[in-house]
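Novice: Pasting the sequence and the predicted model now:
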Amino acid sequence: MSGKKHKRRSSSMGPESPELNIMPFIDIFSMLNTFLLVSAAFIGLGILEVQVPFLSNSSEVKEPPSRSFNVRVDVADAEIKVTSEWTEQPFEKSVKTFKVDDADIELFHQEMIALRTKVPDNDKVTVFSDDSVKYEIVIKAIDAIKTMKEKEPALALPNAEELRKQGRDRFLFEKVVIGSVIL
């Protein structure tokens, strides 16, 4: 034999290098891509173009009148109380109470007409009622506040012609606020 010595490879040469199994990562990313593409189809992106006016081009801001007229109606089981008052001097406050029967509901309606003709610019009434008040009573009060009856003539309001054209001339008070909800 020749003088060369052959080295034999053995498993004891050193630690084997670990293999990285990437198949689970590929599976996870393929599932994530699928869900991403499916969910992206359901997400709609909308762009609204809004033109913001410049301060120099804005119209004059109307300040609310310093003196306004408030009408408050408190509805209870046995009575309806109407409070009308001016917010600035000279203060005029009026409180009237009506029973919940047909005759007093008619008087209540006439009082609402008188308040509307006294201050024609005021078209808002705030109605307050307890939770224990029957629904029918509240609706009777709102009907007496909001609408004019067929036999009653239209009110002589400053914008009566415009209201008639729009079909709103049969409304006594157009804005009826219940607590803080506007009808």
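Specialist: That came in fine, so what should we check first?
Novice: wait, what's in contact with the spatially closest residue to residue 89 that is not a sequence neighbour?
Specialist: Spatial nearest neighbour of residue 89, chain neighbours left out: residue 67 (8.0 Å); criterion: CB to CB, 6 or more residues apart in numbering. In short, each C-beta sits where N, CA and C put it, glycine included. Residues counted as contacts of residue 67 (CB atoms under 8 Å, 6 or more residues apart in numbering) are 86-89.
Novice: Go again with 10 Å.
Specialist: Going by CB atoms under 10 Å, 6 or more residues apart in numbering, residue 67 touches 86-91.
Novice: Model confidence score at it, please.
Specialist: Note for residue 67: predicted pLDDT of 73.
Novice: now swap in residue 24 and tell me
Specialist: pLDDT for residue 24: 90.
Novice: just checking, residue 27 is part of a helix?
Specialist: Yes. Assignment of residue 27 by DSSP: H, G, I helix; E, B strand; the rest coil places it within a helix.
Novice: Any idea how many residues pack against it?
Specialist: For residue 27, the neighbour count with other CB atoms under 10 Å is 10.
Novice: again, but for residue 106
Specialist: 13.
Novice: Secondary structure of it: a helix, I assume?
Specialist: Yes. Assessed by three-state DSSP, residue 106 belongs to a helix.
Novice: Look up how far residue 21 lies from it.
Specialist: Residue 106 is 89 Å from residue 21, where distance means CB to CB, to the nearest Å.
Novice: Least confident secondary structure element in the chain?
Specialist: Using mean pLDDT, DSSP states H and E, strand 181-182 stands out as the lowest-scoring helix or strand of the chain, at a mean of 49.
Novice: Can you give me the end-to-end span of stretch 126-141?
Specialist: This stretch, stretch 126-141, spans 11 Å end to end (CA to CA, to the nearest Å).
Novice: Now do the helices in the chain.
Specialist: Taking DSSP state H as the test, the helices found in the chain are 23-42, 102-118, 135-146, 160-165.
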